[in-house]
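Participant: Only the shape, not the letters, is given here:
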C-alpha cells in the first residue's frame, strides 16, 4: 500500500518531519536519495518541495540522512 503525503505548506521543517516519519517506518531508507520523497508527494506539488529543498542547499541526489541530520536515538 502506497500512501501520499499531504503537506499544507512546504517548509523545510514540514519536509524533514515527513521524511523522518517515512524513514522511521522503514518506507524509505536513510541512504536513499532525497528524490525518493517524490513517490509520496503529489506530482503537481513536487516542484514546491523541490524548490524548498534547493533554497536550503539540498540536491535531489543527496541522501535522506543529510536531510535528517538532527536525528536523535532513543537507545544506544
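Facilitator: Cool, got the structure. Quantities reported herein were computed from a predicted structural model and do not represent experimental measurements.
Participant: Let me see the contact set for the residue most central in space within the chain.
Facilitator: Per Cα atoms, centre = their mean, the C-alpha nearest to the average position across the chain is that of residue 19, at 3.3 Å. Taking Cβ atoms under 8 Å, 6 or more residues apart in numbering, we find residue 19 in contact with 28, 34, 37, 64, 67, 68. Yep, even glycine has a C-beta here, placed from its N, CA and C like the rest.
Participant: where do the helices sit along this protein?
Facilitator: Taking DSSP state H to define them, one finds helices in the chain at 12-24, 43-55, 64-67.
Participant: if we can go back for a sec, go through the contacts of residue 19 and say which is closest to residue 12.
Facilitator: Taking Cβ to Cβ as the measure, residue 12 lies nearest residue 67 of those, at 8.7 Å.
Participant: so that closest one makes contact with residue 33?
Facilitator: No. Using Cβ atoms under 8 Å, residue 67 is not in contact with residue 33, being 10.1 Å away.
Participant: Now do the same contact list for residue 66.
Facilitator: 34, 58.
Participant: And residue 56, by the same measure?
Facilitator: Counting by Cβ under 8 Å, 6+ apart, residue 56 has contacts residue 12.
Participant: Distance check, it against residue 34.
Facilitator: Note on residue 56: its distance to residue 34, by Cβ to Cβ, to the nearest Å, is 11 Å.
Participant: Could you export the contacts of residue 19 as JSON lines, including neighbour count and distance to residue 47?
Facilitator: Shown next, in JSON lines, are those (neighbours: other Cβ atoms under 10 Å; distance: Cβ to Cβ, whole Å):
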{"residue": "28", "neighbour count": "20", "distance to residue 47": "20"}
{"residue": "34", "neighbour count": "23", "distance to residue 47": "15"}
{"residue": "37", "neighbour count": "22", "distance to residue 47": "13"}
{"residue": "64", "neighbour count": "21", "distance to residue 47": "20"}
{"residue": "67", "neighbour count": "20", "distance to residue 47": "18"}
{"residue": "68", "neighbour count": "16", "distance to residue 47": "22"}
